[in-house]
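Q: 3D model of this:
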Amino acid sequence: MNNIKQLALEVLQNNRVAVFTVAYNAEQHIEDVLNRIPKWVAEKLAEIYIIDDRSTDDTYSKA
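A: Have a look, this model is predicted:
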């Protein structure tokens, strides 16, 4: 696991990286999903994109 973290840090240091996630009726889970992105990764991300696939719940407002 340490090698993966080291590689990720190198990539994040030298590149602009974005995270994409697709959500459909994920109102109850989207916050937990986003909170699972480690802080050391989130601080270095260029963007986080959430693609809401026409959810019928409150996914959009929770994201």
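Q: So what does residue 48 have for phi and psi?
A: Per-residue torsions, residue 48: phi -120, psi 120 (degrees, to the nearest 10).
Q: Relative to residue 52, how far out is the closest residue to it other than its chain neighbours?
A: Among residues not flanking residue 48 along the chain, residue 19 sits closest, at 4.9 Å (Cβ to Cβ, 6 or more residues apart in numbering). The C-beta positions use only the backbone N, C-alpha and C, and glycine is treated the same way. Look at residue 19 and residue 52: by Cβ to Cβ, to the nearest Å, they are 15 Å apart.
Q: And the two? Which one has more around it.
A: Legend: neighbour count by other Cβ atoms under 10 Å for residue 19 and residue 52, higher for residue 52 (18 against 14).
Q: Surely residue 51 is in a strand?
A: Yes. Looking at residue 51 with DSSP: H, G, I helix; E, B strand; the rest coil, it is inside a strand.
Q: what sits against the residue nearest to residue 48?
A: For residue 19, the contacting residues are 37, 45, 47-49, by Cβ atoms under 8 Å, 6 or more residues apart in numbering.
Q: Give me the contacts around the longest helix belonging to the chain.
A: Across the chain, the longest stretch assigned as helix under DSSP state H is helix 2-14. Residues outside helix 2-14 that contact it (Cβ under 8 Å, 6+ apart): 17, 40-41, 44-45.
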